[in-house]
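generate coordinates for the sequence data below:
(2 chains)
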Protein chains: 2
Amino acid sequence: MILNSLLGYTGNMLDRADHLRRDSAAIHAARMHPTARFLILEDLKPMMAEGGAELFWARRSECPEGQQVFLGLDSQGEPRFAVDGKPDDDLPCVATDARAAGAILADGRAAIIAQARSVLDWHRRHGFCANCGAPTRPEKAGYSRQCDACGAEHFPRVDPVVIMLAEKDGMALVGRGPHFPAGFFSALAGFVEPGESLEEAVARELHEEAGIRVHSVRYAASQPWPFPSSLMMGAFAQAEGLELALDESEIAEARWVSREEVRSVLRGEGAWSAPPPLAIAHWLLQTWAQQP
Amino acid sequence: MILNSLLGYTGNMLDRADHLRRDSAAIHAARMHPTARFLILEDLKPMMAEGGAELFWARRSECPEGQQVFLGLDSQGEPRFAVDGKPDDDLPCVATDARAAGAILADGRAAIIAQARSVLDWHRRHGFCANCGAPTRPEKAGYSRQCDACGAEHFPRVDPVVIMLAEKDGMALVGRGPHFPAGFFSALAGFVEPGESLEEAVARELHEEAGIRVHSVRYAASQPWPFPSSLMMGAFAQAEGLELALDESEIAEARWVSREEVRSVLRGEGAWSAPPPLAIAHWLLQTWAQQP
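Numbering: from 1, shown residues only, chains lettered A, B, ... in the order given. Presented below is the predicted three-dimensional model:
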C-alpha cells in the first residue's frame, strides 16, 4: 500500500495482519514457520546486509533472544518479525543507524524500520505499569503490554507532531533549533497537545515559537518518524504578518525565505542547508518552492 | 483561536501560555492570584453552573485538594486551572458528563473540557514510571511527570485516530460497532499505529474492518476527543469496490448510503441514526452529503 511513496518511512508493503495478533497460536506457528524471517535491531539499530543496501532478514535459528514484535506478512504471505537483540558475530549484517538506513532503502522498506524501531523502543521503556508500578508483560504479538497486578492494558504510543510552513507575501518561515548545526534550517514543529485539533496545534506552535498569528491552516501530508514514535503531520498556514518574536529556548534563529532561495538550497547551492529527502520538512519545502 | 469552530471540542480561547509552565514561581503566583479560577472535575466530570449552560469556575478558596493542571490565561490574562477533586456540597455546581457538557457549551468552551479531562485522566492513570516502576511526581504545571528514581520524564498521551468515509459511486460507507445501539451508524475509525502515515492508517483500517481497498485518501479536518485523549483526524477515501468483508469483532454491520439518505438521517428522518454534531463523524457525513 504505497500512498505517499515520496515520503520517508512510508509505503510499508507488509500486511500487518492485525487479526493474527490476538491469536497466540497463530503467532507461534508463524514464528516457527520455515519462511519466517526476523529483522534484528541492536540498540534500536536495524541490521542491513553486509555490503548492500538491503535489510538483513535472519532465520529463526539465527535469531537472538529478546523482545519480538510481529511486523506482518510479506506479499508471499511469509511472516516477518522484529527482534530486539544482538546478532551472532558471524552473521553477514551490520547494525545501521535508522536514519541512515531510512535514507538508503527504497520501495517502502524504510517503513519496516519505522514500525520495528517504534514498537521495540516502546517495549524498552515501558516494562512497568504506569497505573500501579508493577511489571507488565508483552501481549498481542508485541502490540500491547498487560499488567497482571491491576489489569491495565497498555498500547504503544504514537505522538502526533505538527510541522509547518507559515507563508506570507511569497515567503515561507524556516527556523533553526538551538541544537541544530550552524546554517541548518527547517520547518517549525511541535507536539500536538491534549485538547486541541491539528490546526490549532499549528497555530499555537507558530505563535509560541515565532510570535506570529496564522489563519487558513491546510494539512498537506504525513509520515511516521520513529525517533521514537512521532506521527509527523505537515501543513501550510497563512501568516498575518512578518514580524517575529522568537522563543529562544526553542528557536535560535528564524527567517522568511523565498521560493527561489528554497529551490537553490534544495539543489545544494544555497546559503543554508535543509533537511534531507527522508524528512517531511524537505517535502514541505519542495512542495512549496514548486508552487508558482 | 477558532479555526474549526464547527467541530466539537475545538476553538479553545485560552492562551495555554506554555512558557509559564516551566516557571514554577510564575505558576504558583498565578494560582494565588485573586482572579485565578478553577474548573473542578469530579471523577472526570466537569462542573457546570447550577441551572445554566456555563462552566462553573471555582475560586481558590472553593477548590478541593487534588491534582491541578494549568489550563492557560483567559482573554483578560486571568489564570485558569483544572483540578481533580470533589467540590463542597454547597457550591452551586453540578458534575456533568463531559459529552453532555460538550454538546451544550458554545464558543470553544467545550474545548476547555477536552483539555482538562485529557490531562487529568492521564495523571490518574500514570502515577508510576513505565520505565522503572517507581512513583512519579507532576511537573511543568501538570504537563509532565518526573521519575526521580530513573530520571525519565513522561508526557501526556495524545492518541491519533483516523475516522473516515470511504466513497464509491455516490455512496459512502458507514458501520455499526458491536457495542453501538441498534440502528446507530457512524464513520469507521481506528488508532494510527507506529510506523504508518495517517493516509496508510485510513487504508489499513478500511481493509481490516470492511475488507475494502481504497486510494486517494484526503484529510479533511480534526478534533480532540477526550475519552480519554484521542486526536480524531477525519478523512475521505475512494473505494475500489463495493463488496464488503467485515471483521465482526470490530464491525457488526456496515452499509453503503447515498447523500440523500444521509441528509434525511441528519434531519432526524432517516432509517438509522448518526453521531451528534459534537462528533467529527457528524461533520464528515454532513460535509459529504452537502457535496453535489
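
around chain B, pick out the residues from the stretch 1-150 of chain A.
A:1, A:3-4, A:7, A:9-10, A:12, A:16, A:18-19, A:111-112, A:114-119, A:122, A:125-135, A:143 (C-beta under 8 Å from any C-beta of the partner chain). The C-beta positions use only the backbone N, C-alpha and C, and glycine is treated the same way.

pretty sure A:Glu240 contacts A:Arg213?
Yes - if you go by C-beta atoms under 8 Å, A:Glu240 and A:Arg213 touch, sitting 4.6 Å apart.

so which residues of chain A form helices?
Per DSSP state H, chain A carries helices over the ranges A:18-21, A:24-32, A:98-104, A:109-125, A:198-210, A:259-266, A:280-290.

just the C-alpha atoms of stretch A:99-115, please, in PDB.
Only the C-alpha atoms of stretch A:99-115 are listed here, as PDB (Å, rounded to 0.1, in the frame of the first residue of the first chain):
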ATOM      1  CA  ARG A  99      18.100   7.400   9.800                       C
ATOM      2  CA  ALA A 100      21.000   6.300   7.500                       C
ATOM      3  CA  ALA A 101      19.100   3.100   6.700                       C
ATOM      4  CA  GLY A 102      15.900   5.000   6.000                       C
ATOM      5  CA  ALA A 103      17.800   7.200   3.600                       C
ATOM      6  CA  ILE A 104      19.200   4.200   1.700                       C
ATOM      7  CA  LEU A 105      16.200   1.900   1.400                       C
ATOM      8  CA  ALA A 106      13.600   2.300  -1.300                       C
ATOM      9  CA  ASP A 107      10.200   0.900  -2.100                       C
ATOM     10  CA  GLY A 108       8.800   1.200   1.400                       C
ATOM     11  CA  ARG A 109      11.400  -0.900   3.100                       C
ATOM     12  CA  ALA A 110      12.400   2.000   5.300                       C
ATOM     13  CA  ALA A 111       8.800   1.900   6.600                       C
ATOM     14  CA  ILE A 112       9.500  -1.500   8.100                       C
ATOM     15  CA  ILE A 113      12.300   0.100  10.100                       C
ATOM     16  CA  ALA A 114       9.900   2.800  11.400                       C
ATOM     17  CA  GLN A 115       7.400   0.100  12.500                       C
END
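
ok and the residue in the stretch 1-150 of chain A nearest chain B?
Going by C-beta to the nearest C-beta, chain B is nearest to A:Gln115 of the stretch 1-150 of chain A, at 2.9 Å.

pretty sure that residue contacts A:Asn12?
Yes - the criterion here is C-beta under 8 Å, and A:Gln115 meets it with A:Asn12 at 6.4 Å.

which neighbours do the two have in common?
Counting by C-beta atoms under 8 Å, 6 or more residues apart in numbering or on different chains, the shared contacts of A:Gln115 and A:Asn12 are B:Gly195, B:Glu196.

quick one, what contacts A:Tyr9?
Each residue near A:Tyr9 by C-beta under 8 Å, 6+ apart is listed here: A:Gly102, A:Ala110, A:Ala111, A:Ile113, A:Ala114, A:Gln223, A:Pro224, A:Trp225, A:Pro226, A:Leu278, B:Gly195.

quick check: pLDDT value at A:Pro135.
pLDDT, A:Pro135: 98.

contacts only, for it.
Neighbours of A:Pro135 in contact, by C-beta under 8 Å, 6+ apart: A:Gly127, A:Phe128, A:Cys129, B:Gly133.

ok so, going back, reformat the helices of chain A as a markdown table; add distance to A:Arg176 and mean neighbour count.
Below are the helices of chain A laid out as a markdown table (distance: least, C-beta to C-beta, whole Å; neighbours: other C-beta atoms under 10 Å in any protein chain shown):
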| stretch | distance to A:Arg176 | mean neighbour count |
| --- | --- | --- |
| helix A:18-21 | 41 | 18 |
| helix A:24-32 | 46 | 14 |
| helix A:98-104 | 19 | 18 |
| helix A:109-125 | 25 | 24 |
| helix A:198-210 | 11 | 24 |
| helix A:259-266 | 13 | 17 |
| helix A:280-290 | 12 | 21 |
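
any chance of those in TSV, with distance to B:Phe180 too?
TSV is the format used below for those (distance: least, C-beta to C-beta, whole Å):
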stretch	distance to B:Phe180
helix A:18-21	20
helix A:24-32	28
helix A:98-104	40
helix A:109-125	30
helix A:198-210	26
helix A:259-266	48
helix A:280-290	36
